[in-house]
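Asks: After the sequence you'll find the predicted model.
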Amino acid sequence: MSSDASSPAPEPATSATTADVPAFGWSSYAERVNGRFAMLGFTAVLLIEAFSGETFLRWAGLVP
């Protein structure tokens, strides 16, 4: 009797918060966090433009 027959098959790694198996390295948790940071960044750009009265690129000095 070999030790391979008695040991269970390894389970695939799951996401940190769900039982989903990541497909091609992505998980729904990572996508959710990425989307939230994108929303924060977009809101920050809108606030900068609203309070400074300039476009973000001009405010950041990227456009003369």
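Replies: Yes, it's here.
Asks: Just give the nearest non-adjacent residue to Glu49, would you?
Replies: Using Cβ to Cβ, 6 or more residues apart in numbering and skipping residues adjacent in sequence, the residue nearest Glu49 is Phe56, 5.7 Å away. C-beta here means a position set from N, CA and C on the backbone, and glycine is covered the same way.
Asks: Make sure that neighbour is actually in contact with Val45.
Replies: Yes - the criterion here is Cβ atoms under 8 Å, and Phe56 meets it with Val45 at 4.9 Å.
Asks: Give me the mean pLDDT for stretch 46-63.
Replies: Here stretch 46-63 scores 91 as its mean pLDDT.
Asks: could you list every residue that touches Leu46?
Replies: If you count contacts by Cβ atoms under 8 Å, 6 or more residues apart in numbering, Leu46 has none.
Asks: Now it. Its backbone dihedrals?
Replies: In terms of degrees, to the nearest 10, the main-chain angles of Leu46 are phi -60, psi -40.
Asks: for Tyr29, same thing?
Replies: Per degrees, to the nearest 10, the backbone of Tyr29 is at phi -70, psi -50.
Asks: What is the burial count for it?
Replies: Tyr29: 15 surrounding residues under other Cβ atoms under 10 Å.
Asks: what's the spacing between it and Glu49?
Replies: Taking Cβ to Cβ, to the nearest Å as the measure, Tyr29 falls 31 Å from Glu49.
Asks: Check Met39 too.
Replies: 16 Å.
Asks: out of these two, which sits in the busier spot?
Replies: Set Met39 next to Glu49 and count neighbours by other Cβ under 10 Å: Glu49 wins out with 15 against 10.
Asks: That one sits in which helix or strand?
Replies: Secondary structure from DSSP states H and E places Glu49 in helix 28-52.
Asks: what's the next secondary structure element after that helix?
Replies: helix 56-59.
Asks: Mind giving me the packing neighbours of that following helix?
Replies: helix 28-52 (3 or more Cβ pairs under 8 Å, 6 or more residues apart in numbering; DSSP states H and E).
Asks: Would you mind listing the buried residues in the helix it packs on?
Replies: Judged by neighbour count using 16 or more other Cβ atoms under 10 Å, helix 28-52 contains no buried positions.
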